[in-house]
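Trainee: Quick check, what structure comes out for this input:
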Amino acid sequence: MKKRSARAKFHQLWGGRFAAAPHPSLEAVNRSIDVDFRLWPHDINLSKAWATALVGARVLSRVEATRIQRGLDRVARRIRSGNKPIRTDEDVHTMIDRLLHDESGSVASRLHTGRSRNDQVATASRLLVMHELDAVTQLVEELQRTCHKRAAGLLDAIMPAYTHMQRAQPVSAAHWMLSHFWALDRDRVRLQAARVSAGVMPLGSGAIAGSAFRVNRTRLAKTLGFHSISPNSIDAVGDRDFMADALYALTGLATHLSRLAEDLILFGSSEFGFVRFADAFSTGSSMMPQKRNPDALELARSSPARIGGDLFTLLVMLKGTPSGYNKDFQEDKRALFDALDAITLLLPAVSGSVRTLRFDRARMRAAVSSSMMATDLADYLVRRRVTFREAHGAVGSLVRQAELAQVELDMLGASVFRSAHPLFASAARRELNAESSLSHREIPGGTGPRAVRTQLAQAAKRVRKSR
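Mentor: Numbers count the residues shown, from 1 in each chain. Predicted coordinates for the structure are as follows:
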């Protein structure tokens, strides 16, 4: 009897069949409230909705449900005002249940009828993912708008494009900026798809076999903002695919932020000098007074390692679990929340870095050399009915001669051009002009001036549609 009274002083959602309190070492490892505490607003919302559903199932009277819901509102105010967990609060659900008993009395004990923490935590987690992905999507859209605005201001700027980190062909700087816009647009679509994945309601699945009380799950799902209900209770309490979908979308987003950051870090180096970072988004060196370091971008560059690690953590955890709910799932939120927190911190810093960049148009244009128009020379011959393979070989010989003479292509004499191929006329030299090169590429998706303006308009529509 003494052992039972020792357990009775703890507020728990379980324990009737146990004669002794948990060992402190079990309590320590079993306690998850340091991680799942942030689920509290969603747990309260789903609990208020569950109380209404229990009225429909004739478990609660309307008066009882109202007392519970008002009590939950007071619990929310207490938590919002800074009420903290106590040592015996195993998780956020236990804490809310304890506070609800303080606020509403014994009627609070009826709220858990027909549900389990298994479907409760799955539902709260899905609600959080939907809410958080909406917030991340808004931050992505803000970065997209920033990229779009910067691209609109770079329509008249020309820069080298790179393959294998070697200068390749001239492009509009707006075209380069928009290349990152479209990558972010794919991220936005994946985030929205992950939100849809999370929008299936497991509440009503109970521990594993479904609730024994005929709650209206369809109405409950609509109340909570889900688009559908789970079709199988075993799958519902053990499904964490929606978290994997969210983490995959976040990993892809982090990867694209990393690529944008790497471009800008390179372009901001003294060797390139295409951009200059604003003071507000730069840091200095503790030793070298001249340094201007793009720390926000460097942290963005490293972010896929952390966020991709969170995705891998979840996948490996899921791989070893049998069907139904398992305590392993206590760790799922640690990975999810870490990724959400990391990306939420990064996006505003990356947006600010891009928004405040200063582009050096003259430096970018000076980096475009005539040898980068070698393909345009080959295309010139193709327009004169030479096969591309033959044209490629002829221009390749010109490039080789220019390299041996250590000069640019436009410095080779007319006789050298004719010796490479007899169809090279004096007009061929006009192909060694960056503006001419861009003008040939008016194909949709190309870097021609009209094509880029069209692309800019398409991007503007995407931004408006997302808003």
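
Trainee: Quick check: which element contains Val171?
Mentor: strand 166-172 (DSSP states H and E).

Trainee: Please read the previous query as pertaining to Pro160.
Mentor: Pro160 is located in strand 158-163, with elements delineated by DSSP H and E.

Trainee: quick one: strands adjacent to that strand?
Mentor: If you go by DSSP bridges, strand 158-163 pairs up with strand 166-172 (antiparallel).

Trainee: Verify the stated contact: Val129 with Arg195.
Mentor: Yes: contact criterion Cβ atoms under 8 Å: Val129 and Arg195 qualify, at 7.3 Å. Using the backbone N, CA and C atoms, a C-beta is placed for each residue, glycine as well.

Trainee: got the buried residues for the strand holding Pro160?
Mentor: For strand 158-163, the neighbour count (16 or more other Cβ atoms under 10 Å) marks Ile158, Met159, Pro160, Ala161 as buried.

Trainee: For those residues, work out which two are farthest apart.
Mentor: Ile158 and Ala161 (10.1 Å; Cβ to Cβ).

Trainee: what do the two both touch?
Mentor: Listed as contacting both Ile158 and Ala161 by Cβ atoms under 8 Å, 6 or more residues apart in numbering are Pro170, Val171.

Trainee: how near is Leu404 to Ala339?
Mentor: Separation of Leu404 from Ala339 (Cβ to Cβ, to the nearest Å): 53 Å.

Trainee: What of Arg115?
Mentor: Arg115 sits 28 Å away from Ala339, going by Cβ to Cβ.

Trainee: before we move on, what about Ser270?
Mentor: Distance, Ser270 to Ala339, by Cβ to Cβ: 35 Å.

Trainee: More neighbours: these two, which one.
Mentor: With neighbours defined as other Cβ atoms under 10 Å, Ser270 and Ala339 compare such that Ala339 has more, 29 against 5.

Trainee: which other helices and strands contact whichever strand or helix holds the more buried one?
Mentor: Applying DSSP H and E as the criterion places Ala339 in helix 332-355. In this structure, helix 332-355 makes packing contacts with helix 33-36, helix 117-152, helix 241-267, helix 295-319, judged by 3 or more Cβ pairs under 8 Å, 6 or more residues apart in numbering; DSSP states H and E.

Trainee: coming back round to it: next, the angle from the very next helix or strand once past the strand holding Val171 to strand 166-172.
Mentor: Next helix or strand after strand 166-172 toward the C-terminus (DSSP H and E): helix 173-198. Angle of helix 173-198 versus strand 166-172, following axes from the mean of the first three to the mean of the last three Cα atoms, to 10 degrees, is 90 degrees.

Trainee: which strands and helices sit next to helix 173-198?
Mentor: If contacts are counted by 3+ Cβ pairs under 8 Å, 6+ apart, helix 173-198 sits against helix 117-152, strand 158-163, helix 241-267, helix 449-466.

Trainee: Turn those into a markdown table, including distance to Leu314.
Mentor: What follows is those, written out as a markdown table (distance: least, Cβ to Cβ, whole Å):
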| stretch | distance to Leu314 |
| --- | --- |
| helix 117-152 | 12 |
| strand 158-163 | 35 |
| helix 241-267 | 6 |
| helix 449-466 | 27 |
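
Trainee: and of the ones you listed, who's closest to Ala212?
Mentor: Proximity to Ala212 (Cβ to Cβ) singles out helix 117-152 among the helices and strands packed on helix 173-198, at 12.8 Å.

Trainee: and that closest one, what does it pack onto?
Mentor: Judged by 3+ Cβ pairs under 8 Å, 6+ apart, helix 117-152 is in contact with helix 40-56, helix 92-104, helix 173-198, strand 200-201, helix 233-238, helix 241-267, helix 332-355, helix 449-466.

Trainee: Output the contacting helices and strands for the fifth one.
Mentor: Just to be clear, that refers to helix 233-238. Counting contacts by 3+ Cβ pairs under 8 Å, 6+ apart, helix 233-238 is packed against helix 117-152.

Trainee: Nice, that's everything, thank you.
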